[in-house]
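1. Fold the following and give me the result.
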Amino acid sequence: MFSAKGLTANDLTVLSGAHTIGQGECRLFRTRIYNETNIDPNFATLRKTTCPLSGGDTNLAPLDTLTPTTFDNNYYKDLVAKKGLFHSDQVLFNNGSQDSLVTSYSTNSATFLNDFAAAMIKLSRISPLTGTNGEIRKNCRLVN
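-> Alright, predicted model coming up:
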């Protein structure tokens with residue numbers, strides 16, 4: 001889907017850095033903390049305190065463990081430390097093609113910020129579907 005819009009794997013990796021701000025609901029990361037092996041055990045234990053095996057679906061956890069309200073490169077530091085909250089985040093650093101880029105962003109804030117700005121400009125040039133072909137949502141989680 002990204003490539004059909006002219007975006008690359010590197011664009012996806014840098015745009016995922018937006019997860020340096022925000023929180024995730026337990027129901028969205030429960031499988032990761034209870035079943036996955038590419039996770040820091042202490043991080044998983046900490047997350048389990050607010051995300052039980054059943055229930056607590058809407059309990060929240062920060063996407064960035066160090067500075068969850070600051071736009072910075074700590075999201076990538078978390079990935080290198082195997083503390084990605086979502087499976088979709090941690091796969092960016094899991095012995096794959098994006099490992100070197102994630103490592104670079106984790107150690108070089110300026111590179112991340114510059115690449116993020118460039119990818120956002122690229123993303124802004126994608127024309128959204130409107131009219132009967134699609135909609136621009138007022139709330140991303142809800143159909144208008």
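2. what packs against the helix ranked longest in the chain?
-> The longest helix of the chain (DSSP state H) is helix 109-124. Other helices and strands packing on helix 109-124, by 3 or more CB pairs under 8 Å, 6 or more residues apart in numbering; DSSP states H and E, are helix 9-15, helix 99-107. Where C-beta positions appear, they are placed from N, C-alpha and C, glycine not excepted.
3. Using CSV, write down the CA coordinates of the shortest one.
-> Included here for helix 9-15 are C-alpha records, laid out as CSV according to Å, rounded to 0.1, in the frame of the first residue of the first chain:
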residue,chain,number,x,y,z
ALA,A,9,10.3,1.2,3.5
ASN,A,10,12.5,4.0,4.8
ASP,A,11,9.6,6.4,4.6
LEU,A,12,7.5,3.9,6.7
THR,A,13,10.3,3.6,9.2
VAL,A,14,10.7,7.3,9.7
LEU,A,15,7.0,8.1,9.7
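4. do you know how far Leu53 is from Ser124?
-> For Leu53, the distance to Ser124 equals 41 Å [CB to CB, to the nearest Å].
5. In the longest helix of the chain, which of the residues would be classed as buried?
-> Across helix 109-124, burial judged by 16 or more other CB atoms under 10 Å covers Phe112, Leu113, Asp115, Phe116, Ala119, Lys122.
6. I'd like those residues laid out as TSV, including pLDDT.
-> Formatted as TSV, those follow (pLDDT from 0 to 100):
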residue	pLDDT
Phe112	98
Leu113	98
Asp115	98
Phe116	98
Ala119	95
Lys122	92
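7. can you put these in a markdown table and add distance to Arg47?
-> As requested, the buried residues of helix 109-124 are exported to a markdown table (distance: CB to CB, whole Å):
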| residue | distance to Arg47 |
| --- | --- |
| Phe112 | 24 |
| Leu113 | 28 |
| Asp115 | 29 |
| Phe116 | 26 |
| Ala119 | 28 |
| Lys122 | 33 |
